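> This is the structure alone, sequence omitted:
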């Protein structure tokens, strides 16, 4: 009988306060996904463990304890095991320590006297950890890649291969992903497009075709306890703040990263007088108190912010932008709800977006959406029925889409809310995962033969 499920997520980290969530590349949407899926699954009567890395580092004090939890989720534990030393390490530096991660997990469950019945694994590092754990224990796992190394490598095609290998460890990552596809009992994709395009990349195609029956499309969800249309004091606080501007708003709240392509929305705004008349821009930043000071730094996100500030200043429109330091999902949802009262629109014009969790969070709060047609958003928005999909590099198309939604605002607002409630809740996601787990957790798996790099680790 299925009683306990473990989630393998060696990178980033989890704690009860969601510290650093979405502030750092290792703390992105994947962690939100794992946290919310684990919480929803625990509510279905199963014991759930999220197993991640123990860090004893003065710069990351939140992750030093072995155990942590989320309030009111008594069936869910966060377990941190020591591996890779005590300091925080970026995910690219974790690969050679994953054997120790698996050994520590086995040691932990041996000490408790009870192992999980099944493991869900996340990202390539979690996937290969699941394969190593299977080799040692015979316990099956699923694989959810979130994003794949080969696609990321393609985006850096102009860079020196040696540099890319040193920085991103692509050959190791792709080998890990291939093993996860081969030995998992099922592979979860968020969209049909992810299955038929991303996993059909030449780096994985032969394995994907051999294991096509394993693939199942399970969409992520929204935490409807946070992202909804209910009002509270925080919403009223944001409403008072936004009312001062006497305008609608175009909101961008993804990570400040080149691939998120904030600059296309900014350029659309600068090129279109109608947008300037109707809207101000809001760019959500996380953990940055003074954007103007921060933009003088040499970091990648600081350079993007500097470029945005420069363009607006050059066009005498600096007063039309608001940078908001939002610290939590609760604050973000409150901003969305308040902004929807001013006929505001959420924009996500990523060069490529595997799914688009940020889109459904905004829609759940009543914000209509303009999003990239490159990736998952085209399925979420049903090719433009529930919101507008655009070429992320076509500034005219972005402007037109924003204005079209504004013209028919109430229609798109209602369509978006209904779309989320009907299709994108974590309860539905958890139920679909469990259906697959129940049908596969007792399967007999072939002899596990790992790539040499990982075989040596275990």
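Noted; the coordinates are in hand. Values in this document were obtained by computation on a predicted structure and should not be read as measured data.

> which stretches of the stretch 201-350 of the chain form helices?
Under the criterion DSSP state H, counting those that start in this stretch, the stretch 201-350 of the chain carries helices at the ranges 205-210, 233-243, 262-271, 273-278, 291-294, 300-314, 329-340.

> most tightly surrounded among the ones you listed?
helix 329-340 (a mean of 23; mean count of other C-beta atoms under 10 Å). (Glycine included, C-beta is placed from N, CA and C.)

> average pLDDT across that one?
Throughout helix 329-340, pLDDT has a mean value of 96.

> now stretch 431-442
Per-residue confidence for stretch 431-442 averages out to 96 on the pLDDT scale.

> What of stretch 311-324?
Stretch 311-324 shows a mean pLDDT of 96 in the predicted model.

> Mind putting the helices of the stretch 201-350 of the chain into JSON lines with distance to residue 46?
Formatted as JSON lines, the helices of the stretch 201-350 of the chain follow (distance: least, C-beta to C-beta, whole Å):
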{"stretch": "helix 205-210", "distance to residue 46": "29"}
{"stretch": "helix 233-243", "distance to residue 46": "32"}
{"stretch": "helix 262-271", "distance to residue 46": "40"}
{"stretch": "helix 273-278", "distance to residue 46": "48"}
{"stretch": "helix 291-294", "distance to residue 46": "43"}
{"stretch": "helix 300-314", "distance to residue 46": "38"}
{"stretch": "helix 329-340", "distance to residue 46": "24"}
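
> among these, which is nearest residue 354?
Of all the helices of the stretch 201-350 of the chain, it is helix 205-210 that lies closest to residue 354, at 15.8 Å by C-beta to C-beta.

> Excluding chain neighbours, give the residue nearest to residue 343 in space.
Distance criterion C-beta to C-beta, 6 or more residues apart in numbering; nearest residue to residue 343, sequence neighbours excluded, is residue 248 at 4.5 Å.

> just to revisit the earlier point, which one, of the helices of the stretch 201-350 of the chain, ends up nearest to residue 84?
Judged by C-beta to C-beta, the one of the helices of the stretch 201-350 of the chain that comes nearest to residue 84 is helix 300-314, at 24.1 Å.

> and the residue nearest to residue 343, bridged to which residues?
According to DSSP bridges, residue 279 are recorded as the beta-bridge partners of residue 248.

> Count the residues that sit near it.
Residue 248 sits with 21 neighbouring residues when counted by other C-beta atoms under 10 Å.

> From residue 344, how far out is it?
Note on residue 248: its distance to residue 344, by C-beta to C-beta, to the nearest Å, is 5 Å.

> Show me whatever sits in contact with both of those two.
Residues touching both residue 248 and residue 344 comprise residue 279, with contact defined as C-beta atoms under 8 Å, 6 or more residues apart in numbering.

> contacting residues around stretch 12-20?
If you take C-beta under 8 Å, 6+ apart as the criterion, stretch 12-20 is touched by 24, 26-28, 30-31, 34-35, 50, 52-53, 55, 60, 62-63, 68-71, 78, 80, 91, 287, 328-329.

> Now the buried members of those residues.
Burial by neighbour count, 16 or more other C-beta atoms under 10 Å: within those this picks out 24, 26-28, 30-31, 34-35, 50, 52-53, 55, 60, 62-63, 68, 70, 78, 80, 91, 329.

> Inside strands: which ones of these?
With strands identified by DSSP state E, the entries of these that belong to them are 50, 52-53, 68, 78, 80.

> mind listing the strands for this protein?
Under DSSP E, the chain gives strands at 4-8, 47-53, 67-68, 76-81, 118-122, 141-144, 186-189, 215-217, 248-252, 279-285, 321-325, 345-348, 369-372, 388-390.

> Select, out of those, the one closest to residue 419.
Across these, the minimum distance to residue 419, taken as C-beta to C-beta, is reached by strand 369-372, at 9.8 Å.

> quick one: low-confidence ranges for the stretch 151-300 of the chain?
Filtered on pLDDT under 70, the stretch 151-300 of the chain yields no residues whatsoever.

> re the thing from before, closest one to residue 378 among the strands of the chain?
Of all the strands of the chain, strand 388-390 sits nearest to residue 378, with 5.2 Å by C-beta to C-beta.

> Which neighbours in the sheet does the closest one have, and how are they oriented?
Here strand 388-390 has these sheet partners by DSSP bridges: strand 369-372 (parallel).

> centre of the chain versus the partner strand, how much separation?
17 Å (C-alpha atoms, centre = their mean, to the nearest Å).

> Okay, the nearest residue to residue 239 once chain neighbours are set aside and residue 365: tell me how far apart.
Nearest residue to residue 239, sequence neighbours excluded (C-beta to C-beta, 6+ apart): residue 338, at 4.2 Å. Relative to residue 365, residue 338 is positioned 9 Å away (C-beta to C-beta).

> burial count for residue 407?
A count of neighbours around residue 407, defined by other C-beta under 10 Å, yields 9.

> how far away is the closest residue to residue 321 other than its chain neighbours from residue 344?
With sequence-adjacent residues excluded and distances taken as C-beta to C-beta, 6+ apart, residue 321 is closest to residue 281, at 4.5 Å. Residue 281 sits 11 Å away from residue 344 when distances are taken as C-beta to C-beta.

> Now list whatever residues contact both of the two.
Listed as contacting both residue 281 and residue 344 by C-beta under 8 Å, 6+ apart are 249-250.

> For stretch 42-60, buried residues please.
When burial is assessed from 16+ other C-beta under 10 Å, stretch 42-60 yields the following buried residues: 42-43, 46-55, 60.

> Give the rounded mean pLDDT of it.
Per-residue pLDDT values across stretch 42-60 average out to 95.

> so what's the backbone phi/psi at residue 297?
Comment: the main-chain dihedrals of residue 297 come out as phi -80, psi 170, following degrees, to the nearest 10.

> Tell me how far residue 287 lies from residue 195.
From residue 287 over to residue 195 the distance is 35 Å, taken as C-beta to C-beta.

> Residue 155 touches residue 259, doesn't it?
Yes. Using C-beta atoms under 8 Å as the test, residue 155 is close enough to residue 259 to be in contact (7.2 Å).

> Mind listing the shared neighbours of these two?
Counting by C-beta under 8 Å, 6+ apart, the common neighbours of residue 155 and residue 259 are 351-352.

> For residue 283, which residues are in contact?
For residue 283, the set of contacting residues under the criterion of C-beta under 8 Å, 6+ apart consists of 252-253, 256, 262, 308, 321-324.

> Quick check: bridge partners of it?
residue 252, residue 323.

> Could you report the separation of it from residue 254?
10 Å.

> Can you tell me, leaving aside adjacent residues, what's nearest to residue 376?
Closest residue to residue 376 apart from its sequence neighbours, by C-beta to C-beta, 6+ apart: residue 355 at 3.9 Å.
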